[in-house]
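1. kindly generate the corresponding structure for this input.
(chains A, B and C)
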Amino acid sequence: MLDYLKDLNEAQHEAVVRTEGPSLVIAGAGSGKTRVLTYRIAHLLKQGARPSTILALTFTNKAAREMKERIASVAGENVARYLWMGTFHSIFARMLRVEHEVIGYPSNFTIYDSADSKSLIKTIIKGFQLDDKTYKPGVVASRISMAKNNLITPMAYASNADLKSADKSMRMPAISEIYKEYYKRCRLSGAMDFDDLLFITNLLFRDHPEVLEKYQERFGYVLVDEYQDTNYAQYLIIKKLAAKHNNICVVGDDAQSIYSFRGARIENILNFKNDYPEHRVFKLEQNYRSTQTIVNAANSIIAKNKRQIPKTVFSENDKGKPIKVLSALTDNEEGFLVAQEISQTQMRDHYQFLDYAILYRTNAQSRIFEESLRKRNIPYKIYGGLSFYQRKEIKDLLSYFRMTINRDDNEALKRIINYPARGIGATTLTKLETVAVEKETSIWNIIAALPDYNYAGLNKGTIAKIYNFVILIERFSQLTKETDAFEAAKRIAEHTGILKDLYNDKSPEGLSRHENIQELLNGIQEFSITAKEQGEPDKLENYLENVALLTDQDNEKDEDRNKVTLMTVHSAKGLEFKNVFVVGLEEDLFPSQRQGEKATLESLEEERRLFYVAITRARENAWLSYANQRYRWGNLDFCAPSRFLNELDENYLEGLNLNKQDSGNDDQQNRLGYGQTTQGFAHRQPPSAFKTRESQNIFNKKLVSLKESSQAKSSFEGDDPRRIQAGMTVEHQRFGEGKVLNIEGVAPNLKATVFFQNAGQKQLLLKFAKLKIKG
DNA sequence: GCTCAGGGCATTTTT
DNA sequence: TGCCCTGAGC
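-> Below is the predicted model:
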């Protein structure tokens, strides 16, 4: 019995079996955190705790699913099914649907994703006649998000002097008004945004103690994964829910807290001991993932950080090879070096492609590596960028679904009222929206009862078109009630003409859009089938409940398995690879080292942790690479390697060849800069680390040859005719691939002579010839 | 109501 | 370099 406990070391074992009272599990990178969490739950179940009394919260669907599967394999599927296990957002969305009456929302409330939020904010800004260059919707959205994460209501915001003066100094004094209006309109639309799911849960618990008590009573055990990433709203929910039984177990690693920009508070984990004086601490310090070299090198980076929970992460694995530093003079060379290393080590040491990951700070950095991998025919996959559920065609179809479930959903209505085109344009929509705002109701309520509103001043033709739209949605609503999710979805896709529309579009983009719709329908079919099998509700409404909370990483394809992974360091958290390249380590990419940015001690420490997270993804080998010079936004930029490279203990490195100099204290470093990064013509000076004569000479020599060849070398993808230059490879719809011989004229009358392999030399007016630029 | 030329702007991201 | 936004013009 309990043989699963045998897999655990002493610290892990303790953390699993001490189930009562508050527990803080400090889990260093690769120390078996997920294992402890799952075994702890399994252990609770074995000891007789009912699954429905266990609340386990994670940050991603993937983490929740994996944990659930592992528990199912230990404790049985029938038990695992009844656990309250999921992401913060999905669990509390579920709770809010049950408790909708108390908070004055419909149970079928829509969940607005960030695009919906932004678009609503944009309309509000326009409606207030504010300039959206000053009031950037994204910035306003993040202010509102910040407020909600800190449980500041619109009212509280308006009377908060600090926030108001901060807004004023950003020249956006009206944010508090926008917040108020945004909050109101979400309610009128029967919609919650992501932050609302936590914010309103907090309001629910604050204003309805009887509801809080019900859940406090229910959850005998509360477990939280990645506790260092919780924001204030999440922190408070957990604290309240666990207050009765006090069986709270949080697992996390302060050294991996890298999400402060989205409201995560490292204080939550640092202060756990104050919140629960009678707590126990379990430290998982043995790293099972990586070589000693990697673990020690990573430790040496965060050693400088002041605020941390003391711990000694160690590895008993092989010492392993030193971390290799690749210093390239240009970004192209960096890409080349990385691809070369992959080819060589892969052949020499028989690795598969899935054993490699390339990690970078920003998504935009992926391009150069894509290119270099493509040149060597190395298969790769990229995470990040446009997610499946964010694609236009998917959002359009989902908006139809949303409208059939919650007709007050203004954002959905605005997307589809004229898609496919039915002659209801922007002017009409503005009129309708104005009336809706005036009457404090949803647009649907206006168009469903147009005569009551004097037809909103519309002409006869338009009224008829709107009437048809209303009928269509009514019909779909009926349909979704009568049939299962798949049948309803399929019929909607057909009847709206979306499917046919995309089917007729034979361009590559149209083809892929059609495929995407098919893929979505397949997913819905799968949902319908499983729901039926498990005896759960199988209506479109039920499918829609969670789809807003899904992301790309929730549907990985099989054919993508054996490929090199390209992703940001942030999204690599929780993953591991045998071989990891941490690339683009220029100082310029780290705000704490960028001139003109205010670096706080906190942000500097977080960047060290980011670097720590990156390195500890590697099991066997790690590479660190940087380029001293790259094209950024059309300018030649000089970069120094990040200071974090200098902070690494060189005993663990191979190939670091810098003029190390005293880097001074953090404050001095923050004021160091190497010229300007402004847009325009300002160029940077070579960094001081390269000011020895020798390195300067190499630098200059390389630079000259680079400048000479940059024209021919430059390659990119896109179809902006302004970017087309002689020497480029382009693709034409009819003539296929060709080489641009010369360009004359200025836009819009750019003429290009292009040599096509199959069609000979052609003069094209770029205005009419769509050329896709190829790498 | 749609298309296209030109301007302007660029962290990290899960839900 | 890529791409989103907008206003002008059809």
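2. for the residue of the stretch 51-200 of chain A found nearest DNA strand C, what are its contacts?
-> In the stretch 51-200 of chain A, no residue comes nearer to DNA strand C than residue A:132, which is 5.3 Å away by CB to the nearest atom of the strand. Backbone N, C-alpha and C define where each C-beta goes, glycine included. Going by CB atoms under 8 Å, 6 or more residues apart in numbering, residue A:132 touches A:122, A:125-126.
3. could you rerun that using 6 Å?
-> residue A:125 (CB atoms under 6 Å, 6 or more residues apart in numbering).
4. quick one: it and residue A:66, what's the gap?
-> According to CB to CB, to the nearest Å, residue A:132 and residue A:66 sit 42 Å apart.
5. can you check residue A:429 too?
-> To residue A:66, residue A:429 is 44 Å away according to CB to CB.
6. same thing with residue A:521?
-> For residue A:521, the distance to residue A:66 - CB to CB - is 27 Å.
7. and if you look at residue A:307?
-> For residue A:307 relative to residue A:66 (CB to CB), the value is 30 Å.
8. neighbour count for those two, which is higher?
-> residue A:66 (15 against 12; other CB atoms under 10 Å).
9. pretty sure the more buried one belongs to a helix, no?
-> Yes - looking at residue A:66 with DSSP: H, G, I helix; E, B strand; the rest coil, it is inside a helix.
10. spatially, what comes nearest to it if we skip its sequence neighbours?
-> Setting aside the residues directly before and after it, residue A:66 is nearest to residue A:34 in space (CB to CB, 6 or more residues apart in numbering), at 7.1 Å.
11. SS state for the one you found?
-> helix.
12. so the closest residue to residue A:40 other than its chain neighbours is in which element?
-> In this structure, residue A:40 finds its nearest non-sequential neighbour in residue A:16, 4.7 Å apart by CB to CB, 6+ apart. Using DSSP states H and E, the element containing residue A:16 is helix A:10-17.
13. now that helix - C-alpha only, CSV.
-> The C-alpha coordinates for helix A:10-17 follow below in CSV (Å, rounded to 0.1, in the frame of the first residue of the first chain):
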residue,chain,number,x,y,z
GLU,A,10,12.8,12.7,2.3
ALA,A,11,11.8,16.3,1.7
GLN,A,12,9.3,15.4,-0.9
HIS,A,13,7.9,12.7,1.3
GLU,A,14,7.4,15.1,4.2
ALA,A,15,5.7,17.6,2.0
VAL,A,16,3.3,14.9,0.8
VAL,A,17,2.2,13.3,4.0
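14. list the buried residues in it.
-> Buried positions in helix A:10-17, judged by neighbour count with 16 or more other CB atoms under 10 Å: A:11-16.
15. and stretch A:267-275, by the same measure?
-> By 16+ other CB under 10 Å, the buried positions in stretch A:267-275 come out as A:267-269, A:272, A:275.
16. mind checking which of those residues are in helices?
-> Here DSSP state H is the test, and the buried residues of stretch A:267-275 give A:267-269, A:272, A:275 as lying in helices.
17. residues contacting stretch A:72-83, please?
-> A:4, A:42, A:45, A:51-52, A:54, A:68, A:71.
18. no further queries at this time; thank you.
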